[in-house]
Structures are given as C-alpha cells and as structure tokens.
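>>> For reference, the sequence and a predicted model appear below.
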Protein chains: 2
Amino acid sequence: MNNLPASDSEATAPTRGRAGQVTREELLEAAAKLFRTQGYNATSTRELSEALGIQKASLYHHIRGKEDLLFSICTVSLAHIQEAVEQAMAAAPLESRLQAMIDAHLDAALVDRDMHATMLAEFGKLSADRQAEVRQERDRHAALFRMTITEGQGKGLIRDDIPARYLTLALLNLLNWTIFWFDPNRERSVREIANFFGDIYLDGARPR
Amino acid sequence: MNNLPASDSEATAPTRGRAGQVTREELLEAAAKLFRTQGYNATSTRELSEALGIQKASLYHHIRGKEDLLFSICTVSLAHIQEAVEQAMAAAPLESRLQAMIDAHLDAALVDRDMHATMLAEFGKLSADRQAEVRQERDRHAALFRMTITEGQGKGLIRDDIPARYLTLALLNLLNWTIFWFDPNRERSVREIANFFGDIYLDGARPR
DNA sequence: TTTACCCGACCGAGCGGTCGGACGGTCTCA
DNA sequence: TGAGACCGTCCGACCGCTCGGTCGGGTAAA
C-alpha cells in the first residue's frame, strides 16, 4: 500500500484531501477526544469533521448519525477493558488475582483514556435501547470483580463481614473515578498508582 | 411567611399562576434534577420552565443566563458539603476523625444528590473563570481530607508508605463515584454504606 | 405609583442531517 | 491493452428545527 506518485503532506495531521481517507480508528479517537473534553452534546459534527480534516457531509459516509459514534466508543472501550481484565483473571492465582485485575483495569482504562472517560460520563445520552446494551456490558465487567471477591470470601482471603456487593462497589468507585483526574504528565506511572490503590483496597490505610 | 389570601393548588406542583412565585431553592432543585438526569447541555430552558410551571421568559427574571444555574448549583452544593465535613472534622478526635468525615461527606452529598451529582459531572461546562472558581472550592474540600490524612500519618494512625496525595485521591474516588449509583430505594442506608466504605478504606478488604 | 413577577411573541444562530454530484482507483470485458 | 462502468470517498450548499435569550407589556400586592 501507499505507492502514491507524490505522498505530500501527512505529518500535519488534519490536512487531508487527495490521499488518506479517514479510518474508523481515527474517527472514534477524534470523537472521543472531543466528547471527553467538551461533552457529547456540546461537540458539533462540524467541529469533529474539522478535527478530521474532512467536510461534515463526508462524516455521514462513515456513520449513520452522531449517536453511532458515542455508541461505538462505549462498546469498543468496554470490549478492550473486559478482555484485559479477563486475561489477568485467568492468568493469576486467587491470592494475587484482584491486584492483577486492578492493574489490568487501570492500564486498559488509561490507554483508552478518551474513549473510556467518554463511556463513563456520556453513555446516559444514548437512546434507551443502546443505553441498556452498554449497561449490560458494564454489569458483565463488574461481575468479573464480584465473582473474584465472592470466591475470595469463600476461601477466607476477603473479609465477609461486608456484603460482596459493597466490596465490589467500593473497588469500582476506586477504579472508575481515577480516569477523571489522571494526567500522564503529572502523575506517577499507572503501575505505581495501581499498586497504591490495590494496597489500600486490600490492606487499608492504617499502618501495616 | 405564606399568609396568602387563597393559596389554592400547590400539591400539583407545576400548576402555578396567580400566587406562588418560584423560590430560588425550587429553581436550583428543579434545574439540578434535570441537569443530573439529562445533562446540562441537553436540558433546555423551556423544559426547565415547564417543570417550574412558568413561562420561559419568566425564568430570566430570576437568572441572567442558563449558566448561572449551573454555577449556583456548584457553589451551593460545595458550600453545604464543606460545612458538613468541617463540622465533623472539628467535633471528632483524630482517631475517629476520618470515619466521621466520610459519614458527613456521603450524607451531605446524598442529601443534595441532584445538585452534587450535577456539580461533579457538569462543572466542566462552565466558563473558564467560573470553572476555576469551582475547582478552587473542590480543592479546598479535598484539602480537608488531605490535612487529616497527613496528620494521621504523623501520629502513626495512617500508613506512610503511600504518599498522602494518593491516599487522599483514593478516598475521594471512593466517595465521589458513589453518588452515581446510589438509589435510596434500592440500597442500604447512607450510614451503613458510609461505615462499609470507611471500614474498607481504613482496614482494607482482607479479613480482620 | 412603585415593585416583583410573569407573560406571548419573537429573534439570530447553530444544530444534526441530506442532497446531487465530483473525483479517482479498480475491475470487467472486448 | 485500453475503454468504460462501478464504487468508496469526499464535497459545497442547503434544510427544518430548536436553542438561549429578548422585547414590550400585563397584573396585583405594597
């Protein structure tokens, strides 16, 4: 591929035109970036097409409507993070499984930062059907943590004086809000933060 | 107050007209409810005025612009929660102070549920100046927790192998996300949840 | 007469989405 | 091998609609 006679400008991203069509990945990434920083409703299709370097009308050869973008962002980011957590879950022994899942979750969420934050903050703007579909995937993801926690309770690895439901919700709180303040340029590494949060969740804030 | 000659219909909320002007509290509450469920941008001033039982034009005798509502919601909810946490902080000895602050925070956030959730989710849609002002108040609130955690570290009550910054962020994650799933009709009481989360944060998820 | 509150009608701007057509590789078939 | 149909992609102009906000009053208690 790419045996064009003169491949001209490509470095200056949004200058498209002759060659260089928009890929689905570019589309979702650009949309997620705008949706995260400005919100879904506050982002116009004109802005998005400008960011991509195409006309607004051209956008509609890739999507049926603006909502398609938000829906795809949600399903793609959830598929990524589910796969990552499932892999960690399968690879780690029960004793260290939760910590491995925390690592995997934070890592996946922060790699797809724009998409994942958009999913969390904006999925409520989807139509009722699609909202339900996304909610179901989120529940599936939460269920992975809950299963592990329940299993840990059975084996005496996790306290059972607190219902598994609230142990799970507490962990998800801990994980989900992180994406809204994490800044890769100002914070410690994802791995370090995952270790801190895993330590706090598993062992508490009191001295060891 | 309320010595009107004929106070007529009041139970059927949005039937206003003769007597019964809109109070500032009603305004903010109605706006917060819509903003939380639909989002700030997705809520029109027409919808809001309908919910209040007045004409859209009448709305502008109470506010200068739609953004005023969002800004007031942010400042009011932050003032409430700060006051609640500061009182708890002043009343409790250091050993039980964090737990008392957690109780106070969750209680205040869930009493002002619509306003607080709107503040967290939508303050980014404010103008830059006002956004900075709100951010400053949020930082002041976070600083209350951070101070207590740092003091606890000094007295050997809180582990110091994790930086106070991340101990604080972890606690705020735990608290802030709760408002997005809490449903007073389906969950346990706020007090119980605050105890669960305080236990997990302070002592961890492993068996006692 | 003032004041606080409310109203119906209206405005310009920006929105999501559509239209008919231009462009340029690629495949088909004589 | 070359003419021509095809198709994915992109485009400028346009549409109907809803948005936040404004205007010049009306009404009734103080």
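All right, it came through fine. Numbering: from 1, shown residues only, chains lettered A, B, ... in the order given.
>>> Show me which residues of chain A sit near DNA strand C.
A:18, A:43-47, A:56-57, A:60, A:64-67 (C-beta under 7 Å from any atom of the strand). For glycine as for every other residue, the C-beta is placed from the backbone atoms N, C-alpha and C.
>>> could you pick out which of those are near DNA strand D?
Counting by C-beta under 7 Å from any atom of the strand, A:Lys56, A:Ala57 from the residues of chain A next to DNA strand C sit close to DNA strand D.
>>> now, which of the residues of chain A next to DNA strand C sits nearest B:Ala31?
A:Thr43 (22.3 Å; C-beta to C-beta).
>>> right, and that closest one touches A:Phe35 too?
Yes. Between A:Thr43 and A:Phe35 there is a contact under C-beta atoms under 8 Å: 5.7 Å.
>>> for the most centrally placed residue in chain A, what are its contacts?
With distances taken as C-alpha atoms, centre = their mean, chain A has A:His116 as the residue nearest its mean C-alpha position (2.5 Å). Contacts for A:His116 (C-beta atoms under 8 Å, 6 or more residues apart in numbering or on different chains) come out as A:Ser77, A:Ile81, A:Ala108, A:Ala109, A:Leu110, A:Ile179.
>>> Can you name the residue of chain A nearest to chain B?
Residue nearest to chain B within chain A: A:Gly204 (3.2 Å; C-beta to the nearest C-beta).
>>> So for that residue, what's the pLDDT?
Note on A:Gly204: pLDDT of 89.
>>> Burial check on the closest residue to it other than its chain neighbours, number of neighbours?
Using C-beta to C-beta, 6 or more residues apart in numbering or on different chains and skipping residues adjacent in sequence, the residue nearest A:Gly204 is B:Gly204, 3.2 Å away. Per other C-beta atoms under 10 Å in any protein chain shown, the neighbour tally for B:Gly204 reads 20.
>>> Distance of B:Gly204 relative to A:Gly152?
12 Å (C-beta to C-beta, to the nearest Å).
>>> Where does pLDDT dip in chain A?
A:1-20 (pLDDT under 70).
>>> show me where it has helices.
A:24-38, A:45-52, A:56-59, A:66-91, A:94-111, A:113-122, A:128-154, A:164-176, A:190-203 (DSSP state H).
>>> CSV for those helices, including distance to B:Ala194?
Below are those laid out as CSV (distance: least, C-beta to C-beta, whole Å):
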stretch, distance to B:Ala194
helix A:24-38, 31
helix A:45-52, 42
helix A:56-59, 47
helix A:66-91, 28
helix A:94-111, 23
helix A:113-122, 23
helix A:128-154, 20
helix A:164-176, 11
helix A:190-203, 17
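>>> Could you work out which of those reaches nearest to B:Gly156?
helix A:190-203 (16.0 Å).
>>> next one: that closest one to chain centre, how far?
Distance, stretch centre to chain centre, for helix A:190-203: 19 Å (C-alpha atoms, centre = their mean, to the nearest Å).
>>> So for that helix, what gets flagged as buried?
By neighbour count on 16 or more other C-beta atoms under 10 Å in any protein chain shown, the buried set for helix A:190-203 is A:Val190, A:Ile193, A:Ala194, A:Asn195, A:Phe196, A:Phe197, A:Gly198, A:Asp199, A:Ile200, A:Tyr201, A:Leu202.
>>> for stretch A:168-181, same thing?
So, applying 16+ other C-beta under 10 Å, buried residues of stretch A:168-181: A:168-180.
>>> swap in stretch A:77-86?
Buried, per 16+ other C-beta under 10 Å, within stretch A:77-86: A:Ser77, A:Leu78, A:His80, A:Ile81, A:Gln82, A:Ala84, A:Val85.
>>> cool, stretch A:142-161 as well?
Quick answer for stretch A:142-161 (16+ other C-beta under 10 Å): A:Ala142, A:Leu144, A:Phe145, A:Arg146, A:Thr148, A:Ile149, A:Thr150, A:Gly152, A:Gln153, A:Leu157, A:Ile158, A:Arg159.
>>> distance of the spatially closest residue to A:Arg206 that is not a sequence neighbour from B:Val111?
Spatially, and ignoring its direct neighbours in sequence, A:Arg206 is nearest to B:Leu202 (5.7 Å; C-beta to C-beta, 6+ apart). Computed as C-beta to C-beta, the B:Leu202 to B:Val111 distance reads 24 Å.
>>> Ok, A:Glu187 next?
From A:Glu187 to B:Val111 the distance is 32 Å (C-beta to C-beta).
>>> Would you enumerate the residues in contact with A:Asn176?
When contacts are taken as C-beta under 8 Å, 6+ apart, A:Asn176 is in contact with A:Leu120, B:Asn173, B:Trp177.
>>> let's see 10 Å
By C-beta atoms under 10 Å, 6 or more residues apart in numbering or on different chains, the contact list for A:Asn176 reads A:His105, A:Ala109, A:His116, A:Ala117, A:Leu120, A:Arg138, A:Ala142, B:Asn173, B:Asn176, B:Trp177, B:Phe180, B:Trp181.
>>> would TSV of those residues with distance to A:Phe71 be doable?
Formatted as TSV, the contacts of A:Asn176 follow (distance: C-beta to C-beta, whole Å):
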residue	distance to A:Phe71
A:His105	22
A:Ala109	19
A:His116	15
A:Ala117	16
A:Leu120	14
A:Arg138	14
A:Ala142	20
B:Asn173	27
B:Asn176	26
B:Trp177	23
B:Phe180	20
B:Trp181	21
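>>> from these, which is closest to A:Ala51?
Proximity of the contacts of A:Asn176 to A:Ala51 (C-beta to C-beta) peaks at A:Ala117, which lies at 17.2 Å.
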